[in-house]
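Colleague: Here you go, sequence then predicted model.
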Amino acid sequence: MAQNSVFTLSQVAQHKSKKDCWLVIDGRVLNVTKFQEEHPGGEEVLIEWAGKDATQPFKDIGHSKSAQKLLLKYQVGVLKGYTFQNDADAPIEEAKKKDMSAFVINDDHMPKYAALVEFSLPILVAGSYLAYRFLTAGSSTF
């Protein structure tokens, strides 16, 4: 790990593809190319922020301590002009699979047949109304 390497944001911006994916979090320049498939949120998130400073989105998600320690594993340098506390003595631990699992909220409480009901019920009501109008139109007396 080349933590002493200093990069500018324009240098990091050159690494923004799936095969070469770097980003910045808290002033640390990270090469997350090999981490894409393991990322619980999907590789698309990493690719979206590739070549950019992803500090705020990283903090907004509320990553676990294990995820925060992983930053050191993928660090290839620091961002020019950025000062931060020295975490070089912090141990790099592999994240446990349990800590890495994605937390997905499924708000869909409808049964699977609900889509069919939502589609067919209005058609049934409209058909009934038209049939009623057709049948009652012929029986009116003047």
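Modeller: Looks like it arrived, so ask away. Numbers count the residues shown, from 1 in each chain.

Colleague: only C-alpha atoms for contact and neighbour calcs from this point on.
Modeller: Noted.

Colleague: Helices of this structure, residue ranges please.
Modeller: Assignment of helices within the chain using DSSP state H yields the ranges 9-12, 43-48, 55-61, 65-74, 97-100, 114-137.

Colleague: Quick one: mean pLDDT over the second one.
Modeller: Here helix 43-48 scores 86 as its mean pLDDT.

Colleague: what's that helix packed up against?
Modeller: Packed against helix 43-48 by the contact rule (3 or more CA pairs under 8 Å, 6 or more residues apart in numbering; DSSP states H and E) you find no helix or strand.

Colleague: Number the residues from 549 up from this point.
Modeller: Happy to do that; since the first residue is 549 now, the last one works out to helix 591-596.

Colleague: Burial check on S558, number of neighbours?
Modeller: Applying other CA atoms under 10 Å, we find 10 residues neighbouring S558.

Colleague: Can you say which of the helices of the chain is nearest to D574?
Modeller: For the helices of the chain, proximity to D574 was assessed by CA to CA; helix 603-609 is nearest, at 5.5 Å.

Colleague: got any ranges where the chain has weak pLDDT?
Modeller: Where the chain drops to pLDDT under 70, the residues are 549-551, 632-658, 687-690.
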